[in-house]
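Chemist: All I have is the shape, not the residue letters:
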């Protein structure tokens, strides 16, 4: 929460590929350590708190660098499609992740899931190692301190009403929707329908499928004013979220989450 803006400032000044190589390495090592703790030690809550802090700090630099890399790999005319495809990749991972994790947990327990997580970070590390950004052109960065750059960026957002409104709207949507879909409903579905690990994986692949279809539609349709989708999307989310607790089966609740 506190470092991600600073991470964005650093990404403007540094080699994004190098940042991503470091962050993927740290995430892979952290996942391996957690897997070993779960497998060979008596795991406690503080282990997960430490892991969450390490992951949170690392992702504060990883995510801005990843978004910057996306736009530096393609021409400006293709930014919208590239970002839509990036979103589609994210939701594809959300679709496949719970399925794979559910099967691995049912087969061997949670430690294997963390080992698999480390493996995926290692694969990303190998892909990033082969990327060459030397041909990309970037605008010159004004010589100023990181604090001045951060202040200037925030003032720029605040002084442009249209941009300010969109950013605030997006922040509200993310802070209301993401915790609900990622945390609250996971606990709710598990306790209400008494889901086993593999069932849990299948149920939470459905909302990821809905998100993936939405991202794919953006990549294919290339809307001229994509932010207009929020006018229909946010009320739609509110309606489907209100209907989810009324569902009497896990399958129906999962379908409603998919539409949300």
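Modeler: Perfect, I can see it now. All figures in this text were calculated on a predicted structure; none of them were measured in a lab. Numbers count the residues shown, from 1 in each chain.
Chemist: What distance do you get for residue 158 to residue 152?
Modeler: 11 Å (CB to CB, to the nearest Å). (Each C-beta comes from the backbone N, C-alpha and C, glycine too.)
Chemist: just the helices in this protein please.
Modeler: 4-13, 16-40, 45-72, 79-108, 110-130, 146-159, 161-179, 185-193, 197-203, 205-221, 229-243, 250-259 (DSSP state H).
Chemist: Could you measure from the nearest residue to residue 90 once chain neighbours are set aside over to residue 119?
Modeler: Leaving aside its sequence neighbours, residue 90 sits nearest to residue 215 (CB to CB, 6 or more residues apart in numbering; 7.7 Å). Applying CB to CB, the value for residue 215 to residue 119 is 25 Å.
Chemist: try residue 158
Modeler: Per CB to CB, residue 158 is found 43 Å from residue 119.
Chemist: same question, residue 32
Modeler: Distance from residue 32 to residue 119, by CB to CB: 9 Å.
Chemist: likewise residue 11?
Modeler: Separation of residue 11 from residue 119 (CB to CB): 26 Å.
Chemist: With residue 51 instead?
Modeler: Taking CB to CB, one finds residue 51 at 17 Å from residue 119.
Chemist: more neighbours, those two?
Modeler: residue 51 (16 against 13; other CB atoms under 10 Å).
Chemist: isn't that one right up against residue 30?
Modeler: Yes. Residue 51 is within contact range of residue 30, at 6.0 Å (criterion: CB atoms under 8 Å).
Chemist: low-scoring stretches of the protein, by residue?
Modeler: The chain contains residues with pLDDT under 70 at 134-141.
Chemist: Mind checking which residue lies nearest the centre of it?
Modeler: Nearest to the mean C-alpha position of the chain, counting by CA atoms, centre = their mean, stands residue 90 at 6.3 Å.
Chemist: How about the contacts made by residue 158?
Modeler: residue 164 (CB atoms under 8 Å, 6 or more residues apart in numbering).
Chemist: how much space is there between it and residue 168?
Modeler: Taken as CB to CB, the span from residue 158 to residue 168 is 10 Å.
Chemist: got it, and residue 35?
Modeler: 39 Å.
Chemist: Who has more neighbours out of the two?
Modeler: Ranked by neighbour count (other CB under 10 Å), residue 35 and residue 168 place residue 35 first, with 19 against 11.
Chemist: measure that one to residue 98 for me?
Modeler: 18 Å.
Chemist: same thing with residue 206?
Modeler: For residue 206, the distance to residue 98 - CB to CB - is 9 Å.
Chemist: Between the two, which is the more surrounded one?
Modeler: For residue 206 and residue 98, the more surrounded residue by other CB under 10 Å is residue 98, and the numbers stand at 22 against 19.
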